[in-house]
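# Output the structure for:
(4 chains)
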Protein chains: 4
Amino acid sequence: MRVVVVGSGIAGAATAHQLSRRGAEVVVIDAGLTGAATAAGAGIVSPWTARADRNLAFAMAAGEYYRTLVEELAEDGRDDSSFEVVGGLVVRSDTAELREVRERLQTRAEASPAAGVVELLDPGEAREFFPPLAAELAAVHVSGAGRVDGRRLRAALLGAARNRGAQVCEGRVELDVDGGRVRGVHLAGERIGADAVVVAAGAWSAALLEPLGVSLGVVPQRGQITHLDLPGTGTRTWPVVLPPSGHYLLAFPESRVVVGATRETGSGFDHRVTASGQREVLEHALTVAPGLAEATLVETRVGFRPATADGLPLLGALAEHPQVSVVSGFGPAGLTIGPYAAQLVARQILGEQVGDELAPYPPERAG
Amino acid sequence: MRVVVVGSGIAGAATAHQLSRRGAEVVVIDAGLTGAATAAGAGIVSPWTARADRNLAFAMAAGEYYRTLVEELAEDGRDDSSFEVVGGLVVRSDTAELREVRERLQTRAEASPAAGVVELLDPGEAREFFPPLAAELAAVHVSGAGRVDGRRLRAALLGAARNRGAQVCEGRVELDVDGGRVRGVHLAGERIGADAVVVAAGAWSAALLEPLGVSLGVVPQRGQITHLDLPGTGTRTWPVVLPPSGHYLLAFPESRVVVGATRETGSGFDHRVTASGQREVLEHALTVAPGLAEATLVETRVGFRPATADGLPLLGALAEHPQVSVVSGFGPAGLTIGPYAAQLVARQILGEQVGDELAPYPPERAG
Amino acid sequence: MRVVVVGSGIAGAATAHQLSRRGAEVVVIDAGLTGAATAAGAGIVSPWTARADRNLAFAMAAGEYYRTLVEELAEDGRDDSSFEVVGGLVVRSDTAELREVRERLQTRAEASPAAGVVELLDPGEAREFFPPLAAELAAVHVSGAGRVDGRRLRAALLGAARNRGAQVCEGRVELDVDGGRVRGVHLAGERIGADAVVVAAGAWSAALLEPLGVSLGVVPQRGQITHLDLPGTGTRTWPVVLPPSGHYLLAFPESRVVVGATRETGSGFDHRVTASGQREVLEHALTVAPGLAEATLVETRVGFRPATADGLPLLGALAEHPQVSVVSGFGPAGLTIGPYAAQLVARQILGEQVGDELAPYPPERAG
Amino acid sequence: MRVVVVGSGIAGAATAHQLSRRGAEVVVIDAGLTGAATAAGAGIVSPWTARADRNLAFAMAAGEYYRTLVEELAEDGRDDSSFEVVGGLVVRSDTAELREVRERLQTRAEASPAAGVVELLDPGEAREFFPPLAAELAAVHVSGAGRVDGRRLRAALLGAARNRGAQVCEGRVELDVDGGRVRGVHLAGERIGADAVVVAAGAWSAALLEPLGVSLGVVPQRGQITHLDLPGTGTRTWPVVLPPSGHYLLAFPESRVVVGATRETGSGFDHRVTASGQREVLEHALTVAPGLAEATLVETRVGFRPATADGLPLLGALAEHPQVSVVSGFGPAGLTIGPYAAQLVARQILGEQVGDELAPYPPERAG
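All right, here's what the predicted structure looks like:
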C-alpha cells in the first residue's frame, strides 16, 4: 500500500513512521512553511496535570504511549528522541488549592501509571527543584511528567521512517482528484499516485481539503515562546513548571529555560514577535520565577497551533473520501498527543481495528 | 599638527571631524568592540526637556549646535546626518504638573531659541502627534526637539572627516609613553606618533589611561533598547515621547518605534538582552503607548553608556599629560551633547580659547 | 486711551489683543461679511521658504514672533492658538535646484533661528514626511515651519483681548468725522467715540476710508482652497508642502489635508467656487501628491485676500489723519505676518517708538 | 392582483406606475438610502448615439417609448415629467471621424424615427448650439436626443401611480418566504402580503435576494457628477454634448450645466466626492467646454449605478421564484431604458405576452 503524508510536523512525521513500520510505502511531503508549531512548541508531556477532565483518557494514553514510542524509535535506529521524564511542578501560592490538585492528580495517577508519584512540596522544596521559582510558591510534584524537543523528535521520527524505507520530500502539494476520488497528490506539476493520503499539515490543513468541498475546522492560533539562557547553570534535570496562568516554564539542556506561551486566537498566519506578546510571556515567567530576571533572552519563537473550536483533534478518514485521512487539530497538545493519535490513524489506514478511540474526533465535525 | 583619536563613537567621530575641519592631520582608531553606546543609543536631542537644571546651559548650547553641525557636514559632502527636528512630547496624566512643565520649558525656550515653540496639548491632540499614546496622557509639545540615528551620524562624521583628509583605522591601541610623555599610540605593534591623543573610547576609556596612573571615573552602564515595527505605518514625522519614567519612545523611518532604555549601573561589559530588561522596556513602553501592543518586536540592542558618578562628562586635557585629552563620560546624553563637547575639545587641542565652557568637566576629578 | 478696531480678521484681532495687553480700552467691530481671508486661509507660517528676498527680514521677524505670541496668549488664558511647528518641505524634482534652495534657506536660517534645521531629503525620505507625495519629488526640509488655523487663532486672539477687557461687536461701521478729524465710528446709528481707529478690514478696507478722500491701494484677490479628508489617517504631524507652483499642501488634525489656493486678481467680491478654480487646485494638488487621489473632497472655501499692487502690506497711521491707522494689505501672507505687524502698529498707536520697521509700508502710498 | 415594488428609483417608480395603470393594487417601498442613481444621474436620453451596437434595438425602443410615457403621465395628471427633446451633439476634433459618426447615426435614425435628423456641424455652428464648447470641436447633431431630470421624473411617476391608487411607503424590507414561496415582504415587523414582488432596488438589489439563495449579478459603480451654474445665462435649450471620452455635458434650466461622470467600478457603497473624481470630472468638462471655466461649482452628486458584468440589465421573473421579478442592472442607462424595461416587466407580471424582448436579460444569468 502506498501512502502520501502531507506535512512533516509531529503529526505527519509520526504517522509516516508508524505507516513505514507497518510496511506501507510512504512518501512524506512538507511545504517547509514558516511557523510550524512543532518547531516552536515547548514539548511538555504531562497530560495528567491538565486542568479539565475532558479528553483526559485519550491524553493519558498518549502520555503512556511515549515510552513505547521511544522504544520503537530505538528499534529503528534512532536513540535521539529527546524525550525525557523530568517530573513536573504544579505550582500555587494557595496550599488548600494544592491539596485539591494533589487529590485530583493522585486519582489520575491511579488510572495512568506513567504519571508516576504525586507529592506535595512546600515552597522551599519546590525551589530546590526549580531554583528561580518565586519564594511563595508551593507545588505538587508529578514524577512522570516529561519533556520533548519538538525539532529533535521530528528529526528522529523522520529518520526512523527513512530507515524503514520512507521517502521525504519538500514542496507544496495539491490533491489529485479524479472522478471525485482522491488518487494521490500533485507536487510541482508531477503526479504522485497513492492509495491513501494523510493530511497532517497542522494549521495549514484546511486549505488542502478545500478543493474537495470539505471545510476543515482548524485555524492558526499563534504562540510566542521565549528561550532564556542561564549562563553557567545546568538545567537539564529541572522539572517542567505549570502555574495557574496556563503559561509554563520548561528547562532544556544545557542551560536553557523556555517560557511561554501566548495563545492568540484569530492571529491568522501573521508570523511576528509582538511587543505585547513578548511582554506577556516575560511578565508571566518573571512572576512565577523571578530568578530568571537576569537570564539572557536568546530568542522568541513563533508557531501556529492548529486550533479547533472544541479543543479536540481532527482524526481519521473523511466520510465522503475514505482515501483521505486527517491527523491535525491538536492545538497546544500536539507534542503530547500527536504521536499516539498518529499511530491510531496509521493503523486505521492499514485496515486495523482501532476500537472506539478515534470516534470522538471525526475530522468533518463542525469543530 | 597630528592627532590620534582613540574611539570612533559619537565623541571620537565628532572630535576627528572638527580637528580635520580645522586643518589637523587626524588618525581615528576604533577597537570595534561590541556594545558601543553610539550604535545602540536612541538619539533624542532634546536638552530643553531635561528634568533637572544641572548642566542645562551646556546641554542647550549643544542642542543649538546641531544646526551648525548639519551645515558643516553638508559643507564636507555629507547630507546624511540623519538629524531631524520632529518635536517632542513631555507626557503626563496630571494637567497641573504639565502646566508647571510648560512654564519651565517656556523659560528655557526663551534662553534657547532652538527649543522652538512650547505648547500644551490635551490628550486627544497628543495622540494625533503620537497615535499609540495612552488615552489619558496630555502633553507639552516642544517643537524644536530632534532625533538622530547614532549609527548614521557617526558614519556621516567619519565620512566628513575622511573628506577632510582624516584616516580611519580599526584595532586596539595602547598609549605610547616615552619619558613620562605620551607621544602617540601603539597599534598592532606599530607606533603611530602624534602631537596629541584624544581618548574618546566611551565606557572603555578608563582602561586606556591606566598605564598613566590615571584613574578615569567612567564605568559602563548597560542600556537595553528595543526596536518595534508598525507594519504599514509611516512614523517618520512622529515626535519623541518623554514620559515621567525616564523611559522614552522615539520614532524612526520607515515604520519603526524605538523604546527604552534600561539604565543598568554595575552591569560591567555583560553584553546580553535579559529577561527583566526586556520586560521593563516593554512594560514601560506599553503603559505609555498601548497602541504599540501589536507592533513587531524587531530587535533589542545593548549598549554600554560611559557613566560618571556625578552624571557630568569628562572633557579636556589631563593635568599631568597635556598631550592627552578626554572626550567621554556622557552617560545617556552622548548623542545630545557629544558633538558640541567634541568641538570644544578639538578647538582647545588646537590652541583656541574656548572660554570657561570646559571648566566644569575636568577629566581627572573624582567623578 | 480708547481705540476702535474695525475688522476682526487676523489683523484686527491681533491689533485688538496687543492694544488690550498694553492697557488700551478697545472696541472691536466686524461686519461679518462672507469671504473673510482669515477664515479661508491656509495658515502656513514659513517666511523662510519664500521664493524672493523682498520683505524677507520683516517676514522672518514675524515668523520668530509667533513664539512670543503663543506665550502671550497663554498668559491671557488662551492655550488654543492652534499654532504648531510641523516643519515644511520645499519640494522639487530637480536636485540641483534643491541644493540651491538649501543654501538659500541655510543662509536665512542663520539669520533667523526659528527656521530651525535645514536639510536635504531624497524622494523616499520626503514621502515619509508626507506620504501622498509624488515619488519623484525630493525636498528641502525646514524644521521650524509652522501652521496655524486662521479661524482658531482669530478666536484665541479675540478671547484673549476680551480677557483683557476688550469689547467685541458685530456690525457695519462708518467713520465719524467731525471738523475733518476722525473721532470714532458710527455703528447702526450709534456713535462710538475713540481716540484712535484701526482699519483692519482686509479686502474691504478701502471702502471705509473713501469718505476721507483716501484711496487705499487694496483690492480683493480671490483664493479658492480645498479641504480634503483622508479617512483614518492621522495627519497632524505632517509638514507643510511647498511646491514650485506656488500652490501648497497643508495638513491639519484629524485627517485633513488642505490644498490650494488660486490667486485670482480682479475677482472683486465674487464669492463662488468656480469650475476652473476647483480644477486648478485639484490638478496642482494631485500632481504634487498623487496619494491624495482617493481623499474625500470635504469643502472648498473662498476668501478674498487684501492685495496690494506691490505685494507689501499697508501699515501705520494716515498722514493726514493720524487718529486712523491701517493694518491691511497682507495679500496671501496675513496669517504669517499679520500678528507681528499688528503688534508694531498697536505699539505705534500707544506712542511707543517702533524704529524703522513700519517705514517701508506707508498706507497711503500708491501701492 | 397585489404587487409590492421594492425600490422607487426610476425602475421601481416606472414599474409601479405601469402596474397601477393596468389595474394592479400596488405598494411601493423605498429604503431611502443615500446614493440613489436616479437622484444623481444626468438624464441623457439619446440611445442613438451609443458607441456600440450591442443592445441597440432595445435602447432605441426605449428612446421611442419616452413619448408614450410622457402621454401616459399626462393622462394620469402629471405634466411634469421634465423630459425634453433638446437635441444632442456628438463632438469630435477629427472631421473624418465625424463623417463616420454621421453615417452610423443616419442608419440608426432610419430604423428609429425618434432619433430625428442627423447633421454635420462645423465648429462655429457647434458653438452656437453650446456656447462654452472648445473652438476646435465640430459635431454631429441628432435632433431627437432628449434629457430628463431623474428626480423630477421619479416624482412624476410616483405621483401618477398614486393617482392610480398606488401606496408609497418608506422603509427597509425583507422578503417574506413561506414554504419556499415568496408571499410578500416584511416591513418593520409587519407582513405585507403580495401575489408578486418586484425587486427594483438598483445597486442594492442583490442583498434583497440573498435569502432566496439567488446571487444577483449587480454591484454598485460610483458616479461623481458636478452641477455648474452660469449666472445670468439661459441654458434651457442647449443640447446634450457627447464627447469621445464617455463624459458628457448636459444643460438644465435655468442656468445649469451638469458635467460628468466618473465610472468607478469596485467603489462599493462608499458615498464620497473624491479629489481624483472631482478632478477627472472638471478636467474632462473644461477640455470639451473651456467656456465653463468661470461657472460656479454648485454641487457634486454621488450615485451608485447598478452595474452588471456584461453591461446589460437584469429583467423579469426569477426561474425558481416566479412571484419575484427583477428590474435592475441598468448601469449608466437607467434613465434611458428604465421606463421602457419597467413597462415590459409590469406587463409580464400581469400575464401579458411581451414577446422575446426580455429574453436577453434573464436576471439570474452569470452577469
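# any idea which element residue A:208 lies in?
If you go by DSSP states H and E, residue A:208 is part of helix A:205-209.
# how about that helix as CSV, C-alpha atoms only?
Listed next in CSV are the C-alpha coordinates belonging to helix A:205-209 (Å, rounded to 0.1, in the frame of the first residue of the first chain):
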residue,chain,number,x,y,z
SER,A,205,-4.6,21.6,6.8
ALA,A,206,-7.8,23.3,5.9
ALA,A,207,-6.6,24.8,2.7
LEU,A,208,-5.6,21.3,1.4
LEU,A,209,-9.1,20.0,1.7
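# Now do the strands in the stretch 251-367 of chain A.
Taking DSSP state E, counting those that start in this stretch to define them, one finds strands in the stretch 251-367 of chain A at A:256-260, A:264-265, A:296-307, A:314-317, A:324-328.
# Chain B: which of those is closest?
strand A:296-307 (4.2 Å; Cβ to the nearest Cβ). Using the backbone N, CA and C atoms, a C-beta is placed for each residue, glycine as well.
# Against which helices or strands is the closest one packed?
helix A:37-40, strand A:219-229, helix A:275-288, helix B:275-288 (3 or more Cβ pairs under 8 Å, 6 or more residues apart in numbering or on different chains; DSSP states H and E).
# Centre of the chain to that strand, how far?
14 Å (Cα atoms, centre = their mean, to the nearest Å).
# Now do that strand against strand A:324-328, angle only.
Counting by axes from the mean of the first three to the mean of the last three Cα atoms, to 10 degrees, strand A:296-307 lies at 140 degrees to strand A:324-328.
# could you dump strand A:296-307 to CSV, C-alpha only?
Below are the C-alpha coordinates for strand A:296-307, written out as CSV (Å, rounded to 0.1, in the frame of the first residue of the first chain):
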residue,chain,number,x,y,z
THR,A,296,19.7,36.1,28.7
LEU,A,297,16.9,36.5,26.2
VAL,A,298,18.1,34.3,23.4
GLU,A,299,15.2,34.1,21.0
THR,A,300,11.5,34.2,20.8
ARG,A,301,9.9,31.6,18.5
VAL,A,302,6.6,31.9,16.8
GLY,A,303,4.4,29.0,15.9
PHE,A,304,0.9,28.5,14.7
ARG,A,305,-1.0,25.8,16.6
PRO,A,306,-3.7,24.0,14.6
ALA,A,307,-6.7,25.1,16.8
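# What is the neighbour count of whatever residue of the stretch 101-250 of chain A ends up closest to chain C?
Per Cβ to the nearest Cβ, residue A:222 is where the stretch 101-250 of chain A lies closest to chain C, at 25.3 Å. Residues lying near residue A:222 (other Cβ atoms under 10 Å in any protein chain shown) number 27.
# What's the nearest residue in the stretch 1-150 of chain A when you look at chain D?
For the stretch 1-150 of chain A, Cβ to the nearest Cβ, closest residue to chain D: residue A:33, 31.4 Å.
# Going by mean pLDDT, which of the helices and strands packed on strand A:296-307 comes out lowest?
Lowest mean pLDDT within the helices and strands packed on strand A:296-307: helix A:37-40, a mean of 91.
# what about it, distance to the chain center?
Centroid separation between helix A:37-40 and its chain, computed with Cα atoms, centre = their mean, is 8 Å.
# So which residues on the stretch 101-250 of chain A come close to chain B?
Within the stretch 101-250 of chain A, the positions adjacent to chain B are A:226, A:228 by Cβ under 8 Å from any Cβ of the partner chain.
# So, low pLDDT: which residues of the stretch 101-250 of chain A?
In the prediction, the stretch 101-250 of chain A carries no residues with pLDDT under 70.
# One more pass at 80, please.
For the stretch 101-250 of chain A, applying pLDDT under 80 flags the ranges A:188-189.
# related to what we said a few turns ago, show me which of the strands of the stretch 251-367 of chain A has the highest average neighbour count.
Across those, averaging neighbours per residue (mean count of other Cβ atoms under 10 Å in any protein chain shown) puts strand A:324-328 on top, at a mean of 29.
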